[in-house]
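Asker: A structural model of the following input is requested.
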Amino acid sequence: MVFLYNLSVRMYVLLVRIAANFNPKAKQWIDGRKDLFNKLEKAVKDEENIVWFHSASLGEFEQGRPVIESYKEKYPDCKILLTFFSPSGYEVRKNYEEADFIFYLPPDFAGNAKRFMDIVNPKLAFFIKYEFWHHYLKELKKRNVPTYIFSTIFRSDQLFFKSYGSFHRRMLSAFTHLFVQNQESLELLKGIGMSNTTLTGDTRFDRVYSIATGSKSLPKVEDFSQDRPVLIAGSTWPKDEDNIIQYLNESENNYKYIIAAHEVDESHINAITSKINKSWVRYTDASKQEINQAEVLVIDCIGVLSSLYRYGTVAYIGGGFGRGIHNTLEAATFGLPIIFGPNYHKFQEAKDLIEIGASNSYEKYDELKDLLDDYFKNVKKRENSGQESKNYVDKMRGASLKILSEIKV
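Answerer: Just a heads-up that it's a prediction; the model follows:
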């Protein structure tokens, strides 16, 4: 099994190298790892109090950020090493001030894991949500480094819980403790003999609450909204955008619409604006007069979505017609009712929000139209759904402190 695992990692690296010739993200993945060990060795030098946090990508980083910052506050003398697997995390957060060192994670080969540990010599290791790397976990266990994973969620269809999943179960045995999101995960782990587990919930609740309390004012958006009902479509993909644009094109109302797509490259922004029949303006180059006159605001940059929701009336979260919906909690913490597509079942918070009447899912355009019409016309229902969203986030906060209280340094 180790042979097949090693082969799959090598094949992945080979495919990324090939893709790097024409794919910018693949090129960043390769370029970011060039001469990595020498850079890492030079950076950490003789540091003896390094705590390692690893995140797959940007979303997982944001999920783990409350724990990173709370740990740093509690133990200010430690040095935080933050690693990323994906460019979408590293390239956005490579200047994150709360970490002392930020690097890509070298591919999971036995030699890489050993060399990484020799250089870093971490005092503790934390993995955020997912990322089960065999050789890194084996090396951590071999060196008796306390190793934790938090905000993780398990499902019965994962290999850990299959009769042929012994290789993957051995990876779990490397963790000193596993902090999980829900009771189902706890029961699944107990079912395979793992008792070093604690139900602490999801640290994203702490993060989105922090975002909401510290959200920045966006004068252009404030001018745009003009105290009118605003639909904010966040992290959208083409199928989401087609449905939202059909609705706004057909609707005869005084609502305002904001589209903040998941991808903001020029070709995608042009594809969006080409379909809009109402007056629209791009966020970055809009004058005050254009903002005031526009009915649709198209966000053509990154970094503002989490603050956009403070101006919303209803939120639409994209991704539900692809691999899965994006972050619903950023909208929920501002007290917005939420709508998303059908692929949400892997997300506990989405199921919870539907159950309490704070969110709705749809499959066909007519269903979306009915939902939006109802929310915009029925103020009381909209307010009640939004309040349920906010109450849910408030109730679920506190995972970060629970995790840190269990860590013995």
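Asker: and residue 281, what helix or strand is that in?
Answerer: Residue 281 is part of strand 280-282, with elements assigned from DSSP states H and E.
Asker: give the contact list for the spatially most central residue of the chain.
Answerer: Of all residues in the chain, the one closest to the mean position by CA atoms, centre = their mean is residue 59, 2.1 Å from it. Going by CB atoms under 8 Å, 6 or more residues apart in numbering, residue 59 touches 326, 327. C-beta: built from backbone N, CA, C; applies to glycine.
Asker: likewise residue 27?
Answerer: Listed by CB under 8 Å, 6+ apart, the contact partners of residue 27 are 20, 21.
Asker: cool, the one 3 residues further on as well?
Answerer: By CB under 8 Å, 6+ apart, the residues touching residue 30 are 16, 17, 20.
Asker: Now, of the residues you listed, which are buried?
Answerer: Neighbour counting by 16 or more other CB atoms under 10 Å classes 16, 20 among the contacts of residue 30 as buried.
Asker: Please dump the contacts of residue 30 into TSV; it should also carry pLDDT, secondary structure and distance to residue 345 for every row.
Answerer: TSV is the format used below for the contacts of residue 30 (pLDDT from 0 to 100; DSSP: H, G, I helix; E, B strand; the rest coil; distance: CB to CB, whole Å):
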residue	pLDDT	secondary structure	distance to residue 345
16	96	helix	30
17	95	helix	35
20	94	coil	34
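Asker: Specify which member of the contacts of residue 30 is nearest to residue 133.
Answerer: Lowest distance from residue 133 to these (CB to CB) belongs to residue 16, with 15.9 Å.
Asker: wouldn't that closest one be in contact with residue 28 here?
Answerer: No. Between residue 16 and residue 28 there is no contact under CB atoms under 8 Å: 10.1 Å.
Asker: any idea which element residue 217 lies in?
Answerer: Short version, using DSSP H and E: residue 217 is in no helix or strand.
Asker: Same question for the one 10 residues further on.
Answerer: Under DSSP H and E, no helix or strand contains residue 227.
Asker: got the phi/psi numbers for it?
Answerer: Backbone torsions for residue 227, taken as degrees, to the nearest 10, come to phi 60, psi 20.
Asker: Quick check, pLDDT for it.
Answerer: pLDDT recorded at residue 227 is 83.
Asker: how close does it get to residue 287?
Answerer: Distance of residue 227 to residue 287, computed by CB to CB, to the nearest Å: 20 Å.
Asker: Residue 12 too?
Answerer: Using CB to CB, residue 12 is found at 47 Å from residue 287.
Asker: and residue 68, what are its phi and psi?
Answerer: In terms of degrees, to the nearest 10, the main-chain angles of residue 68 are phi -60, psi -50.
Asker: That one: what's it in contact with?
Answerer: Here residue 68 is in contact with 53, 80, 82, 98, 99 (CB under 8 Å, 6+ apart).
Asker: pretty sure residue 234 belongs to a strand, no?
Answerer: Yes. Counting by DSSP: H, G, I helix; E, B strand; the rest coil, residue 234 is found in a strand.
Asker: unless I'm mixing things up, it is touching residue 307, no?
Answerer: No. With contact defined as CB under 8 Å, residue 234 does not reach residue 307; the gap is 11.1 Å.
Asker: More neighbours: those two, which one.
Answerer: residue 234 (27 against 18; other CB atoms under 10 Å).
Asker: do you know how far residue 123 is from residue 204?
Answerer: Noted for residue 123: a distance of 26 Å to residue 204, by CB to CB.
Asker: what's the answer for residue 326, then?
Answerer: Distance from residue 326 to residue 204, by CB to CB: 12 Å.
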